[in-house]
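Engineer: Next one to model:
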Amino acid sequence: MATSPLSTFNNKLIFTGCWLTWSAVHVAIVLSRDLPWSIAITDAAVSNVLLAAICFLVSNNMRYYRPRKGRYWYLLLLCAAICGLWMLAVRYVLLELFGDEPLYVSFLETSLSVRFTIAILSTGCMALVSELWYTQEEYKETEQRSKAASELARDAELYKLRQQLQPHFLFNSLNSISALVTSRPEQARKMIQQLSDFLRGTLKKEEHQWITLEEELQHLQLYLEIEKVRFGHRLHTTISYDEATSASRIPHMLLQPVVENAIKFGLYDTTGEVTIGITATSTPEYLQITVQNPFDPETSSPRQGTGFGLSSVQRRLYLLFARNDLLSTTAEGDLFTTIVKIPH
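Structural biologist: Down below sits the predicted model:
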């Protein structure tokens with residue numbers, strides 16, 4: 001339910017100021033007819049207290065009933081009917097009080113049409129202000145509901161993406177363990193233990209969409225240890241960041257698909273040792289994380305082969321920041337670079 005336009009302190013202050021100003025003018029008009037102060041103040045009080053009451057009535061009524069577009073003349077009829085009742089009530093009360101004052105009775109009778117006109121203008125202005133106010137309030141409520149629905153859909157998709165990451169990574173790891181079971185059973189057992197530690201850490205952080213860069217890199221280190229069991233001496237990693245960037249917050253498990261992509265195109269189609277470089281730097285606008293890996297241009301196609309990993313990172317960044325320029329990849333010579341930017 002929308003709030004009344006007179007529910008805010010500023011609006012109450014404006015209304016009270018206008019009411020007091022008109023009441024003072026009303027007193028001055030009555031005094032100009034050579035009537036005593038007692039009559040002038042009573043006339044102004046009775047008329048304007050009742051007028052304020054019907055303005056409140058009109059405004060409050062429009063919280064529950066507002067005419068459809070094109071039928072605003074209903075408001076005019078409502079205001080006219082209420083003002084007619086107001087005029088009869090004012091006339092009755094004032095005649096009861098000062099009916100024995102011929103000069104005042106004459107003034108009252110001749111001023112009824114002016115009083116009615118002023119009442120129509122006052123209630124009409126209140127109706128117009130209330131219509132604009134309630135329309136704006138409805139627009140805000142609709143916008144808030146739309147925003148809440150969009151955020152709910154966004155959070156649901158983010159949760160779905162996070163849930164997809166674990167099976168995607170788990171299947172790859174289980175395939176590696178399967179390959180090691182017969183040839184290197186000790187390494188397979190070690191990899192199972194490390195996989196258990198990695199998944200346990202993932203579950204602990206599952207409820208936290210954002211973590212610090214330092215926590216993310218520590219968690220990423222568990223994943224890299226698993227991959228080092230798989231690839232042995234061939235895989236080397238370098239991680240570079242400073243204390244200023246370590247406390248920066250990033251989405252949980254954002255870097256694992258990026259590093260997995262680097263390992264995939266750095267080791268699958270090459271022989272020999274490979275070094276994966278991870279560097280985090282901070283600028284006034286972004287936390288920038290750069291992941292670099294060598295690749296063989298003749299046997300791998302990193303631009304076309306990003307698959308689920310980088311596409312999921314791209315989608316998560318878009319859902320969080322509504323921007324498509326926060327993930328970029330370049331291939332120069334035999335070096336493939338992925339850059340992730342997190343706005344501050």
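Engineer: Could you use CA atoms for every contact and neighbour count after this?
Structural biologist: Noted.
Engineer: how does the chain divide into domains?
Structural biologist: Following automatic domain parsing, the chain resolves into domains at 5-146, 184-343.
Engineer: For S173, find the nearest of those.
Structural biologist: Nearest to S173, of all these, is domain 184-343, at 7.7 Å by CA to CA.
Engineer: Now do the SS call for T279.
Structural biologist: strand (DSSP: H, G, I helix; E, B strand; the rest coil).
Engineer: want to try CSV for the domains of the chain, with mean neighbour count and mean pLDDT as columns?
Structural biologist: Shown next, in CSV, are those (neighbours: other CA atoms under 10 Å; pLDDT from 0 to 100):
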stretch, mean neighbour count, mean pLDDT
domain 5-146, 15, 86
domain 184-343, 17, 82
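Engineer: Can you add distance to L174 and give these back as a markdown table?
Structural biologist: Formatted as a markdown table, those follow (distance: least, CA to CA, whole Å):
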| stretch | distance to L174 |
| --- | --- |
| domain 5-146 | 42 |
| domain 184-343 | 9 |
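Engineer: doesn't I289 fall inside a strand?
Structural biologist: Yes. Judged by three-state DSSP, I289 forms part of a strand.
Engineer: Helices of the chain, start to end?
Structural biologist: Residue ranges of the helices in the chain, as given by DSSP state H, are 9-31, 37-61, 73-98, 102-183, 185-204, 213-231, 243-246, 255-267, 307-321.
Engineer: looking at the ones you listed, which is closest to D296?
Structural biologist: Checked against CA to CA, the stretch from these lying closest is helix 255-267, at 7.8 Å.
Engineer: now that closest one: how far from the chain's centre is it?
Structural biologist: With CA atoms, centre = their mean, to the nearest Å as the basis, helix 255-267 stands 34 Å off its chain's centre.
Engineer: Check stretch 241-259 too.
Structural biologist: Distance, stretch centre to chain centre, for stretch 241-259: 24 Å (CA atoms, centre = their mean).
Engineer: same deal with stretch 270-285?
Structural biologist: Mean-position distance between stretch 270-285 and its chain equals 34 Å (CA atoms, centre = their mean).
Engineer: L317 and S328: what is the separation?
Structural biologist: 12 Å (CA to CA, to the nearest Å).
Engineer: nope, T281 is what I was after
Structural biologist: Counting by CA to CA, the gap from T281 to S328 is 16 Å.
Engineer: before we move on, what about R33?
Structural biologist: 83 Å.
Engineer: about what we covered before: of all the helices of the chain, which one is nearest V291?
Structural biologist: helix 255-267 (6.9 Å).
Engineer: C-alpha coordinates for the closest one, PDB please?
Structural biologist: Extracted as PDB, the C-alpha positions of helix 255-267 are listed here (Å, rounded to 0.1, in the frame of the first residue of the first chain):
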ATOM      1  CA  LEU A 255      39.900 -18.100 -11.300                       C
ATOM      2  CA  GLN A 256      39.700 -21.900 -11.300                       C
ATOM      3  CA  PRO A 257      38.100 -22.200 -14.700                       C
ATOM      4  CA  VAL A 258      40.600 -19.600 -16.100                       C
ATOM      5  CA  VAL A 259      43.600 -21.500 -14.800                       C
ATOM      6  CA  GLU A 260      42.100 -24.800 -15.900                       C
ATOM      7  CA  ASN A 261      41.800 -23.400 -19.400                       C
ATOM      8  CA  ALA A 262      45.400 -22.300 -19.300                       C
ATOM      9  CA  ILE A 263      46.500 -25.800 -18.200                       C
ATOM     10  CA  LYS A 264      44.400 -27.400 -20.900                       C
ATOM     11  CA  PHE A 265      46.000 -25.400 -23.700                       C
ATOM     12  CA  GLY A 266      49.400 -25.200 -22.200                       C
ATOM     13  CA  LEU A 267      50.000 -28.900 -21.500                       C
END
